[in-house]
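Chemist: fold the stuff below for me.
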Amino acid sequence: MNATNKKIAALREQIEAHNYRYHVLDDPEIPDAEYDRLLRQLEELEKAHPEFLTKDSPTQKVGGGLQKTFEAVAHSTPMRSLANAFDAEQVEAFDKRMREALDMEESKEEIEYVAEVKLDGLAVSLRFENGWLARAATRGDGSRGENITHNMRRVLAGATFLRGDAPAVLEVRGEVFMSRENFAKLNESQRERDKKVFVNPRNAAAGSLRQLDPNITAARPLELCCYALGEVEAGDSAKNPPPPTHWETLRWLAAFGLPVSDFTRKVAGARGCLAYYEEMLAKRDELPFDIDGVVYKVSRLDWQRETGHTAKAPRWALAHKLPAQEKITKVESIEVQVGRTGAITPVARLEKVFVGGVNVSNVTLHNRDEIARLDVRVGDSVVVRRAGDVIPQILSVALKDRKKGARKFVFPKNCPVCGANIVQEEEGAIARCSGGLYCDAQRKEHIKHFAGRGAMDIEGLGDKLVEQLVDGGLIRTVADLYALTKEQFAGLERMAEKSAANLLGALEKSKDTTLARFLYALGIPLVGEATAESLAAALRDLEKVADADEETLQKIPDIGPLVARSIISFFNEEHNREVIAALRAAGVHWPRPEKQVQAAAADSPFAGKSVVLTGTLSMPRAEAKKLLQSLGARVSAAVSKATDYVIVGENAGSKATRAEELKIAMLDEGEFLEMAGRKR
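Modeler: Alright, predicted model coming up:
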């Protein structure tokens, strides 16, 4: 077993879990600084061992996901994240890279950047058509976001229709946030009405924007700050085209009535960037809103296009993080929690301390290696650091203040929930409960995962309902869900007869699924959506997946030794096979692959080609993507020199323009279907 590959897989699992908590649940459990440390560690390992780099690694995509509550919508151009800097040397290195990319090494001219504050809120994309706000979405996973159009119209109020001569299509990216003053007023109002009090402005803004009732959103003091363009189409009128620089673009957006930051500056070179950073650092506590850093962007848009972007972030922009905020408190106890896959996570219970705008009483210690590294003990005084808006981390132990009675933490041998043995992964930092789906802690989390989006997508089966069903003894495995009756559902807390009937309907609907979704729903450790799709595409049969050996599995793209062993271990457990058999007996099914589809990829004109979809097709975008993948194509979100075909639907935007510039073959829907051997 390769120790490096195992470490990479463990890091990816950790990072994806933190992405989900931050972007989807709005409930992060580690600070930005710790997340950045994990991501940098993964990046360094992948750089040193490129043979283990996969397309679905967190380093290659925007972190995040989608809530089940809102409709998913595709972004016309990806909403990428930003590369980070943590010191002056990294900012200077960024400026040097830009000068090299733009052939300015010998020039005395300094690059003009636009420096902006990095607001702590929720990233959104606003699409205006003929001046009217036609759609709004959260960033989501960068390719797709949650449709929050009705809520954003209430936030914008008078700005839902642009002033002046706006383009036919104007897509704007920005941040929805809440000022410190308004946050305090909201919490005061919440307390007076015995309602939920929010932890910090970022969570308040995210929670307010994701309300099912737009009236609740309208009542919350939310603000918008616009900072970038997405898709722009001039339409019939080109009287007022976008300016050639980012600095002028912000003024251009303001002329349409869109809010932009008053704290933006034009700066020259690395020295100008660093001077702006020091200015904002000094003003940090005086600002009317929370920030976790500043952002530098090359101002000239033609230079932005020339330097381009990676799969995850633009090369022409950099986020410079502000230093974390720190306080000292005491460790009252150390306990362990059990996750969905059995991962045992130690948690320090702290004497409550107010740091970085929040009261902190719990800090995740991650694993026994982290406890050993810190040498943290019960009774110790510890330095707690908070970066951004998340629950802090223990930075260090104040050894000089350690009392004689400070107790070392002894990692338990047995699961605190079910009593099963705790097994330490070979050469890894993660310890797991061996109780599997029979452990109550794992059972609840497994059922929640099984019902979630991307898995079985059982509408209405939320976390609290799952907990009621398990605690009430009504279900022990996911298969038991399909045996529940209307009377059993109706007898639960806050479950009316109509809701019970709707849930039964959702369960019945979920039985018709795909092999990929079913494999992902099983909750096999280390098998995410992308890996499940690879398994289904390669083996096309559940029995073949269940009986595959390590050699067979490792021939599949994106599956290395660690993932292969995890899959084999899962299917070697007899109770897992029993649950699968019970699910099949309950009626869970998926289409069997047609033989001609298997053969199609071999001689398909799309086999091995990179394809981009743009515009509106007669079929759903997801269906077109699956068809292309079944024919051996790689479907990408952005047009590049590596793209082979761009399939163009109605109202195609900047991707079609980019394809023309690069002289890439473009197909309309009819040509695409003809090449795919399908009738329109």
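Chemist: ok, which stretches of the stretch 501-650 of the chain are helices?
Modeler: 515-521, 529-539, 542-547, 550-554, 561-572, 574-585, 595-603, 621-630 (DSSP state H, counting those that start in this stretch).
Chemist: check the stretch 151-300 of the chain too.
Modeler: Listed in chain order (using DSSP H, counting those that start in this stretch), the helices of the stretch 151-300 of the chain are 180-192, 201-209, 214-219, 246-255, 269-283.
Chemist: and the longest one, what does it pack onto?
Modeler: Contacting helix 269-283 under the criterion 3 or more Cβ pairs under 8 Å, 6 or more residues apart in numbering; DSSP states H and E are the following elements: helix 88-101, strand 112-119, strand 265-268, strand 291-298. C-betas here are computed from N, CA, C, even on glycine.
Chemist: can these go into TSV with extra columns for mean neighbour count?
Modeler: What follows is these, written out as TSV (neighbours: other Cβ atoms under 10 Å):
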stretch	mean neighbour count
helix 88-101	16
strand 112-119	24
strand 265-268	16
strand 291-298	24
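Chemist: would you turn those into CSV with mean pLDDT and distance to Phe489?
Modeler: Output for the helices and strands packed on helix 269-283, formatted as CSV (pLDDT from 0 to 100; distance: least, Cβ to Cβ, whole Å):
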stretch, mean pLDDT, distance to Phe489
helix 88-101, 95, 55
strand 112-119, 96, 43
strand 265-268, 96, 58
strand 291-298, 94, 43
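Chemist: next secondary structure element downstream of the lengthiest strand in the chain?
Modeler: The single longest strand within the chain, with elements called by DSSP state E, is strand 325-338. On the C-terminal side of strand 325-338, the closest following helix or strand by DSSP states H and E is strand 344-355.
Chemist: and that next one, average pLDDT?
Modeler: When pLDDT is averaged over strand 344-355, the result is 89.
Chemist: list the buried ones in the following helix or strand past that strand?
Modeler: Sequence order places strand 358-364 as the next helix or strand after strand 344-355, per DSSP H and E. By neighbour count on 16 or more other Cβ atoms under 10 Å, the buried set for strand 358-364 is Val358, Val360, Val363, Thr364.
Chemist: if we can go back for a sec, looking at the helices of the stretch 501-650 of the chain, which is nearest to Thr485?
Modeler: Closest to Thr485 of the helices of the stretch 501-650 of the chain is helix 574-585 (Cβ to Cβ; 16.8 Å).
Chemist: centre of the chain to that closest one, how far?
Modeler: 31 Å (Cα atoms, centre = their mean, to the nearest Å).
Chemist: now swap in stretch 90-105 and tell me
Modeler: Computed by Cα atoms, centre = their mean, the separation of stretch 90-105 from the middle of its chain amounts to 30 Å.
Chemist: using CSV, write out every CA atom in that stretch.
Modeler: Extracted C-alpha coordinates of stretch 90-105, given in CSV (Å, rounded to 0.1, in the frame of the first residue of the first chain):
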residue,chain,number,x,y,z
GLN,A,90,3.6,35.3,-1.8
VAL,A,91,2.2,38.6,-3.0
GLU,A,92,5.5,39.5,-4.5
ALA,A,93,5.7,36.1,-6.1
PHE,A,94,2.2,36.6,-7.6
ASP,A,95,3.3,40.0,-9.1
LYS,A,96,6.4,38.3,-10.5
ARG,A,97,4.3,35.6,-12.2
MET,A,98,2.1,38.2,-13.7
ARG,A,99,5.1,40.1,-15.1
GLU,A,100,6.6,36.9,-16.6
ALA,A,101,3.2,35.9,-18.1
LEU,A,102,2.9,39.4,-19.7
ASP,A,103,6.5,39.6,-20.9
MET,A,104,7.2,42.6,-18.6
GLU,A,105,10.3,41.3,-16.7
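Chemist: need the pLDDT of Val124.
Modeler: On the pLDDT scale, Val124 gets 94.
Chemist: specify the local secondary structure of it.
Modeler: Put simply, Val124 is strand when judged by DSSP: H, G, I helix; E, B strand; the rest coil.
Chemist: so it is in contact with Glu175, correct?
Modeler: Yes: taking Cβ atoms under 8 Å as the definition, Val124 is a contact partner of Glu175 at 7.2 Å.
Chemist: name the residues contacting each of those two.
Modeler: Leu224 (Cβ atoms under 8 Å, 6 or more residues apart in numbering).
Chemist: which residues in the stretch 301-450 of the chain form strands?
Modeler: Under the criterion DSSP state E, counting those that start in this stretch, strands of the stretch 301-450 of the chain are mapped to 317-321, 325-338, 344-355, 358-364, 377-378, 381-386, 393-397, 407-408, 422-424, 431-433.
Chemist: those: which one's closest to Gly473?
Modeler: Once these are compared by Cβ to Cβ, strand 325-338 is nearest, at 19.5 Å.
Chemist: and the closest one with strand 358-364, angle?
Modeler: 40 degrees (axes from the mean of the first three to the mean of the last three Cα atoms, to 10 degrees).
Chemist: distance from the chain centre to strand 325-338, please.
Modeler: 27 Å.
Chemist: same question, stretch 412-422
Modeler: On Cα atoms, centre = their mean, the centre of stretch 412-422 falls 31 Å from the chain's centre.
Chemist: neighbouring contacts of it?
Modeler: So stretch 412-422 is contacted by 335-336, 338, 342, 344, 411, 431-435, 438-441 (Cβ under 8 Å, 6+ apart).
Chemist: return the most buried member of the helices of the stretch 151-300 of the chain.
Modeler: helix 201-209 (a mean of 24; mean count of other Cβ atoms under 10 Å).
Chemist: what's the angle from it to strand 112-119?
Modeler: 80 degrees.
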